[in-house]
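Asks: Give me the fold of what follows.
(one chain, ligands or ions: 3)
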Amino acid sequence: MGNYRIAVLPGDGIGQEVTAGAVEVLKAVGVRFGHEFTFEYGWIGGAAIDEAGTPLPEETLRLCRESDAVLLGAVGGPKWDGNPPHLRPEKGLLAIRKQLDLYANLRPVVCYDCLASASPLKPDLVQGVDFVIVRELTGGIYFGQPSGRVVENGEEKAVDTLLYKKEEIERIVRMAFTLARGRKKKVTSVDKANVLSSSRLWREVAEEVAEQFPDVELEHMLVDNAAMQLIRAPKQFDVIVTENMFGDILSDEASMLSGSLGMLPSASLSASGPSLYEPVHGSAPDIAGMNKANPIAAILSAAMMLRLSFGLTAEAEAVEHAVRQALDQGLRTADLAPSGGRIVSTNEMVEEIKTAVLDYTAIAQIMTVYA
Ligand SMILES: NC(=O)c1ccc[n+]([C@@H]2O[C@H](COP(=O)([O-])OP(=O)(O)OC[C@H]3O[C@@H](n4cnc5c(N)ncnc54)[C@H](O)[C@@H]3O)[C@@H](O)[C@H]2O)c1
Ligand SMILES: CC(C)[C@H](C(=O)O)[C@@H](O)C(=O)O
Ligand SMILES: [Mg+2]
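Replies: Ligands and ions are numbered 1, 2, ... in the order given. Next up is the predicted model:
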């Protein structure tokens, strides 16, 4: 029975609602399995700008560094859209990723059978989809210098720089191969090597790393083709590894294979300290405060925390089982409405999952899997 310190950074918009849900579920895990989880709250994003005048206050960073893991909601919203660059909520998110060295962002994409009709794609195309996008998170065009706006000879310009060091590519590609070794043994490295120098280096490094994993197949795919293949034949993928911005875009696209952006969790693994867990989606200003958001992406992110940061496999399975059970019973938040079922609020979905965690027995899971 362990003690775990979790830093909770709800952020903005639905980040607050879905994080509250994930904390409820973690508390249920604590009760059911006899662990002590301590939750300590910090500001990030727009909420931090309003409270402390900066999107990532020093004390938030300190809290995270002193914790065993970080649970984050989402940042951003129209209230801060007109702010200068250093006072944008998204700056806080990029800063925490850089400061905690969260270089490997794992975004599993799974289609639950009962949600196949929630996807705009044909059910038989998405049923059985199960792959992971490994997104490089602390390099590339998000961080390269120079970046910013300039006026030269009276002309207004803006620049962003896509820069990768060899070692940054090496460590993320190695992460992808390690992951693939425990799965279907296939890595698809996505780049734009027909145009970008950074992608040509990426491809070379991927080839070098592949030599250390002779049991894993490596294929290269150009990003525009990858965007199309995700819709045409998504079951061809096992592990996709790609640079920061391509991974951002492809993962939102891939979320529609699972039925909703509200279904995709993520883990941002650190090279040196606590890792961070957050849903792939944003603060969803259009539904914020309406008790409508799907909390499952945040809850499954908490399950990833249990497994990857704390090594609590049975506990993670209990949460995943509870999510599956709630969906199998027909509960749906509004975003999943196209798959039928009964529309419930964020809170009702959380309650159901929480109860299922408290009632969880390994036998129940075995019955579900082998029935
Ligand atoms: N990790 C993050 O913190 C993160 C990620 C993406 C966007 N953002 C920020 O969020 C703000 C809004 O961005 P956006 O609208 O482009 O993207 P978004 O992901 O917030 O929302 C896109 C669409 O998906 C829906 N959606 C998202 N999550 C949902 C959920 N859990 N349940 C039901 N529906 C859900 C929204 O209602 C919206 O229609 C921006 O400020 C953006 O910068 C933050
Ligand atoms: C809010 C934004 C900076 C962020 C990103 O682009 O990384 C988001 O879209 C995400 O996917 O986490
Ligand atoms: Mg994104």
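Asks: mind listing what the residue nearest the centre of the chain touches?
Replies: Central residue check for the chain by Cα atoms, centre = their mean: the C-alpha nearest the mean position is that of S266, 2.3 Å away. By Cβ atoms under 8 Å, 6 or more residues apart in numbering, the contact list for S266 reads 105-108, 251, 277-280, 301, 304. C-beta coordinates here come from the backbone N, C-alpha and C atoms, glycine included.
Asks: try 10 Å this time
Replies: Listed by Cβ atoms under 10 Å, 6 or more residues apart in numbering, the contact set of S266 reads 72, 105-108, 132-133, 135, 137, 251, 276-281, 297, 300-301, 304.
Asks: Also within reach of ligand 2: list those from those residues.
Replies: Near ligand 2, judged by Cβ under 6 Å from any ligand atom, the entries from these are V280.
Asks: which residues of this structure fall in helices?
Replies: Using DSSP state H, the helices found in the chain span residues 14-33, 46-52, 58-65, 89-99, 123-126, 166-181, 197-210, 223-232, 244-258, 296-308, 313-328, 346-358, 362-370.
Asks: Let me know how buried the closest residue to L94 other than its chain neighbours is, in neighbour terms.
Replies: Nearest residue to L94, sequence neighbours excluded (Cβ to Cβ, 6 or more residues apart in numbering): Y142, at 6.1 Å. Neighbourhood size, Y142 [other Cβ atoms under 10 Å]: 19.
Asks: residues from the protein in reach of ligand 2?
Replies: So far as Cβ under 6 Å from any ligand atom goes, the chain lies against ligand 2 at 76, 90, 93-94, 248, 280, 282.
Asks: Tell me which two in these are the farthest apart.
Replies: Farthest apart among the residues of the chain next to ligand 2 by Cβ to Cβ are L94 and V280. That separation is 15.6 Å.
Asks: neighbour-wise, which of the two wins?
Replies: Just comparing L94 and V280: by other Cβ under 10 Å the higher neighbour count belongs to V280, 24 against 18.
Asks: What backbone torsions are found at the one residue in the stretch 151-300 of the chain that gets nearest to ligand 1?
Replies: When scored by Cβ to the nearest ligand atom, the stretch 151-300 of the chain has G282 as its residue closest to ligand 1, at 2.3 Å. Dihedral pair for G282: phi -100, psi -160, per degrees, to the nearest 10.
Asks: Could you list the domains of this structure?
Replies: Structural domains annotated on the chain: 1-100+273-371, 108-262, as defined by automatic domain parsing.
Asks: Read off the pLDDT value for I363.
Replies: Note on I363: pLDDT of 64.
Asks: scratch that, I231
Replies: pLDDT at I231 comes out at 98.
Asks: Also D124?
Replies: In this model, D124 carries a pLDDT of 96.
Asks: tell me the contacts of it?
Replies: 116, 235.
Asks: Most proximal residue of the stretch 151-300 of the chain with respect to ligand 2?
Replies: Closest point on the stretch 151-300 of the chain to ligand 2, by Cβ to the nearest ligand atom, is D248, at 4.3 Å.
Asks: is it true that that residue touches L137?
Replies: Yes: at 9.2 Å, D248 counts as touching L137 under the criterion of Cβ atoms under 10 Å.
Asks: For these two, list the residues in contact with both.
Replies: With Cβ under 10 Å, 6+ apart as the test, D248 and L137 both reach N105.
Asks: wait, what's in contact with the nearest residue to V173 once chain neighbours are set aside?
Replies: Excluding the flanking residues, the one nearest V173 by Cβ to Cβ, 6+ apart is V209, at 4.5 Å. Residues in contact with V209 (Cβ under 10 Å, 6+ apart) are 169-178, 187, 189, 216, 218, 241.
Asks: Tell me how far I169 lies from I240.
Replies: 15 Å (Cβ to Cβ, to the nearest Å).
Asks: which bits of the stretch 51-200 of the chain sit near ligand 1?
Replies: Taking Cβ under 6 Å from any ligand atom as the contact definition, the stretch 51-200 of the chain meets ligand 1 at 74-77, 90, 93.
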